[in-house]
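J.: just to be clear, the model below is a prediction. Sequence and coordinates:
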Amino acid sequence: MAIAADMKRLAEDITESFNTRVSDIATLVENTHQMLSDFEGHRIKDFKSLHKEIRTGLKERQSEVGSMLGSFRKWNVETAKALKSMLKRNRVAREKEVAGFLGEVRADMKDASNTWNRMHVDISRRKKGNAGAGKKQKTRKAGKESE
């Protein structure tokens, strides 16, 4: 009977060991689920916190960009006004300068025209003077010009 009692004790030990292992595994599964649940909760909490920071930063950046654009527009308007004012002030001077330049060009053109006309008259006179064969050409004395 000693074998039967030993077998009974062995079966009880195996059953008790099995029940202990099942209990330990159930505890391990429960702890794992709890850990995953906590991790997910922290992850969601961190995500929401990060998302809130991003939105706050975004609003701040939008405000900064709007302010910078406003400053740029103001500077652009002021620069345009200053440029227009400068151009108006210098317009009279530029018009006088252009008028003077045009006057010089007209004077040069008139001088060139007068020179051309004198050369034309001189050439015509010389041609008339050479019309007869064997006639000598008349030479002009220095300092006298015909008009």
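T.: Nice, I can see it.

J.: show me where this structure dips below the pLDDT cut-off.
T.: 1, 131-147 (pLDDT under 70).

J.: mind checking the SS state of residue 32?
T.: Following DSSP: H, G, I helix; E, B strand; the rest coil, the label given to residue 32 is helix.

J.: what are the ranges of the helices in this structure?
T.: Using DSSP state H, the helices assigned to the chain run over residues 2-129.

J.: residue 125 - how many residues pack around it?
T.: By other C-beta atoms under 10 Å, the residues close to residue 125 number 13. For the C-beta atoms, the positions are set from N, CA and C on the backbone; glycine is no exception.

J.: with residue 122 instead?
T.: The number of residues packed near residue 122 is 13, by other C-beta under 10 Å.

J.: any idea how far residue 103 is from residue 97?
T.: 11 Å (C-beta to C-beta, to the nearest Å).

J.: what does residue 22 give?
T.: Residue 22 sits 116 Å away from residue 103, going by C-beta to C-beta.

J.: check residue 122 too.
T.: For residue 122, the distance to residue 103 equals 28 Å [C-beta to C-beta].
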